[in-house]
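> Turn this into a structure:
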Amino acid sequence: FIKQKRIQGTLYFLQRCFKSMIHRFNFNNIIMKKILFLIKVLVVCSLVTTNASAKQSNHLKEGIKLFKKDELEKSKIFFERDIVFNPKSEISYLYLAKISNKKNNEDEEEMNLNNVLLINPQNDEAIYMLTILKIKQSDYNQAKDLIDKFALVCKSLCSKKDEIQKKLKRLTPQNEKDNN
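The predicted structure is shown next:
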């Protein structure tokens, strides 16, 4: 309600300014009406966009809060809502992958991690999680490629590099060990 009053006040102010300009500069009335209409549309669009982004961030914040309380089902709903408002929300996809990991749903986890990497190929946490998943699935070649990529982009999880190298060595095929 308060926002509506502000919008109305802003639009009323703009109308008065343009009406005074029309009289002062003797502009064509039709042109000024078109300009005023365009300004109204821009003001309304900017307010709608601001409101939608606020809702989106609220869904993300609420989802993270519920995830930390280990309420996985409720947090999953909030992350999915956030993705509806912002399909490029890598954080929501990452948390959905973490939820799938906790539920041991490898297919969904892999899908969400791949979505994160589509949005941001430099996301080291997603690369790390996908590497661990590929090692768990015994996919040696893809795990090795992901470890190489992880070494290039790691920022916050560089300390985990040795851990995934050790896990990969346990997975290394016998003929690969003989060649080294």
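
> Now do the helices in the chain.
2-25, 29-68, 72-85, 90-102, 106-119, 124-136, 140-153, 161-171, 174-179 (DSSP state H).

> Where does the prediction get shaky in this structure?
Low-confidence segments of the chain, defined by pLDDT under 70: 1-57, 156-159, 161-162, 164-165, 168, 171-180.

> rerun that using 50 as the cut-off
51-56, 174-175, 177-180 (pLDDT under 50).

> And the residue nearest to residue 146 when sequence neighbours are not counted, how far from residue 170?
Once flanking residues are discounted, residue 146 sits nearest to residue 131: 4.1 Å by C-beta to C-beta, 6 or more residues apart in numbering. All C-beta atoms are positioned from the backbone trio N, CA, C, and that covers glycine. Using C-beta to C-beta, to the nearest Å, residue 131 is found at 13 Å from residue 170.

> With residue 121 instead?
27 Å.

> How about residue 124?
Distance from residue 124 to residue 170, by C-beta to C-beta: 22 Å.

> next one: residue 107
24 Å.

> now residue 122
Counting by C-beta to C-beta, the gap from residue 122 to residue 170 is 27 Å.

> Wait, residue 101 touches residue 130, no?
No - applying C-beta atoms under 8 Å, one finds residue 101 not in contact with residue 130, separated by 10.7 Å.
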